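> just the structure for this:
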Amino acid sequence: MLISLPFDKGDMPGTTRAEIRTLKVGRYVSIEENAYKILSMSKSKPGKHGSAKARIELEDIFTGQKRSHVGTVTDAIKIPLIEKGSAIITHIQGNEVHAMDSKTYQNLILPVEASMNLQSGGEIQWMEAMGRYKISRDH
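Sure thing, here's the model as predicted:
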């Protein structure tokens, strides 16, 4: 169960806060204005002079860059609000994919990744976090 903490004026739009102890592998966190997926977590027991610590291994959802974060289990951490959907590709222009959302019919402009096999009329899965978009899967 994810416990949400009150909104803080220092929070970025598109994020909420939660304690580190409530996080799970596969969920997302935001550090330094980047969104990360949690790859693994380890927690240590409280010591003689300190509180329990957590070490989180993370991967940036947009660049794939890996990093670690260490904090006490009671520390608050930002959680990005992730939105996902599917869309139909209308056309590809340079390194941009123009697509129409399947539910809202909104036009989306998404960055192309070199490894994807995209063509007009094809369906894609997209995700948005903190104002940035990514194609998460091509069909």
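> roughly how far apart are the residue nearest in space to the middle of the chain and residue 76?
The chain has residue 35 as the residue nearest its centroid, 4.3 Å off, counting by C-alpha atoms, centre = their mean. Using C-beta to C-beta, to the nearest Å, one gets 17 Å for the distance from residue 35 to residue 76. C-betas here are computed from N, CA, C, even on glycine.
> got it, and residue 55?
From residue 55 across to residue 76, the span is 17 Å (C-beta to C-beta).
> check which element follows the worst-scoring helix or strand of the chain on mean pLDDT along the chain.
Lowest by mean pLDDT, DSSP states H and E among the helices and strands of the chain is strand 4-5, with a mean of 43. Going down the chain from strand 4-5, the next helix or strand is strand 15-19, by DSSP states H and E.
> distance from the chain centre to that following strand, please.
Centre-to-centre, strand 15-19 and its host chain are 13 Å apart (C-alpha atoms, centre = their mean, to the nearest Å).
> check contacts around the closest residue to residue 67 other than its chain neighbours.
Excluding its sequence neighbours, the residue lying closest to residue 67 (C-beta to C-beta, 6 or more residues apart in numbering) is residue 58, at 5.3 Å. Residue 58 makes contacts with 29, 31, 36-39, 66-69, as judged by C-beta atoms under 8 Å, 6 or more residues apart in numbering.
> wait, doesn't residue 15 sit right on residue 76?
No. Assessed by C-beta atoms under 8 Å, residue 15 is found out of contact with residue 76, at 11.1 Å.
> more neighbours, these two?
Using other C-beta atoms under 10 Å as the criterion, residue 15 and residue 76 rank with residue 15 on top: 20 against 15.
> ok so, going back, narrow the contacts of residue 58 to those that are buried.
29, 36-38, 69 (16 or more other C-beta atoms under 10 Å).
> export these as JSON lines, with columns for distance to residue 100, secondary structure and pLDDT.
Compiled in JSON lines, these are given as follows (distance: C-beta to C-beta, whole Å; DSSP: H, G, I helix; E, B strand; the rest coil; pLDDT from 0 to 100):
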{"residue": "29", "distance to residue 100": "31", "secondary structure": "strand", "pLDDT": "95"}
{"residue": "36", "distance to residue 100": "29", "secondary structure": "strand", "pLDDT": "95"}
{"residue": "37", "distance to residue 100": "27", "secondary structure": "strand", "pLDDT": "96"}
{"residue": "38", "distance to residue 100": "32", "secondary structure": "strand", "pLDDT": "96"}
{"residue": "69", "distance to residue 100": "37", "secondary structure": "strand", "pLDDT": "94"}
